[in-house]
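Novice: can you look at this prediction? I've put the sequence above it.
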Amino acid sequence: MTCVLRPFPRCYTECTEHHHCNSNQACKDYRCIDPCVGTCGDGANCKTTNNQPVCSCPRSHTGDPFKHCRPFGPEDYCNPNPCGLNANCNPGTDRSGDTRAVCTCPKYYVGNPLIECKQGECQTNDDCRSNTACYNYMCRVSVGECEGGRERECVIGRLGK
């Protein structure tokens with residue numbers, strides 16, 4: 001409370017509601033205060049919006065902004081897994097050298113790792129019919145002798161095409 005000393009002392013409150021304060025302040029215990037003080041966790045940013053504190057971690061950080069923000073680590077790029085169904089996620093780098101999630105299909109699986117990986121038809125040529133060969137875990141039609149190779153290793157396309 002603020003007191004004004006005049007012939008008769010009179011005390012009055014600075015505020016009774018948030019809108020009595022500036023938009024970057026809040027009304028607490030009848031005083032306009034900075035609501036960010038002591039609200040956010042270590043390393044967090046605080047911005048007052050409509051008299052309310054808004055805590056957030058900086059762009060290059062992660063964590064709970066009310067407890068603690070920390071720099072992104074390699075483990076954070078795959079948690080939660082941004083990849084498709086059955087795909088593996090590993091931290092890697094892009095062409096500019098920035099760390100990012102790298103999605104791949106597991107061994108013996110095929111597909112788009114950003115959408116879904118499905119188990120392939122084969123792992124070896126023995127898993128395919130005699131006129132086909134296993135290529136990228138799919139049985140494909142083979143044709144005659146190729147230069148320097150055996151018939152089952154000369155693969156030109158999928159079955160049924």
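Specialist: Received the coordinates, thanks.
Novice: pop the domain breakdown of the chain in here.
Specialist: Following the assignment in the TED database, the chain carries domains at 18-72, 73-142.
Novice: between those domains, which gets nearest to residue 11?
Specialist: Closest to residue 11 of these is domain 18-72 (C-beta to C-beta; 10.1 Å). Just so you know, the C-beta spots here come from the backbone N, C-alpha and C atoms, and that holds for glycine as well.
Novice: any idea of the mean pLDDT in the closest one?
Specialist: Averaged across domain 18-72, pLDDT comes to 89.
Novice: do the same with stretch 121-134
Specialist: Per-residue pLDDT over stretch 121-134 has a mean of 90.
Novice: which parts of this structure are helices?
Specialist: With helices called from DSSP state H, the chain shows none.
Novice: turn the domains of the chain into TSV, including mean neighbour count and distance to residue 11.
Specialist: As requested, these are exported to TSV (neighbours: other C-beta atoms under 10 Å; distance: least, C-beta to C-beta, whole Å):
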stretch	mean neighbour count	distance to residue 11
domain 18-72	15	10
domain 73-142	14	53
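Novice: residue 31 is in contact with residue 12, isn't it?
Specialist: No - counting by C-beta atoms under 8 Å, residue 31 stays clear of residue 12, with 11.7 Å between them.
Novice: what's near enough to touch residue 65?
Specialist: Under the criterion of C-beta atoms under 8 Å, 6 or more residues apart in numbering, the neighbours of residue 65 are 40, 41, 44, 45, 55, 56, 57.
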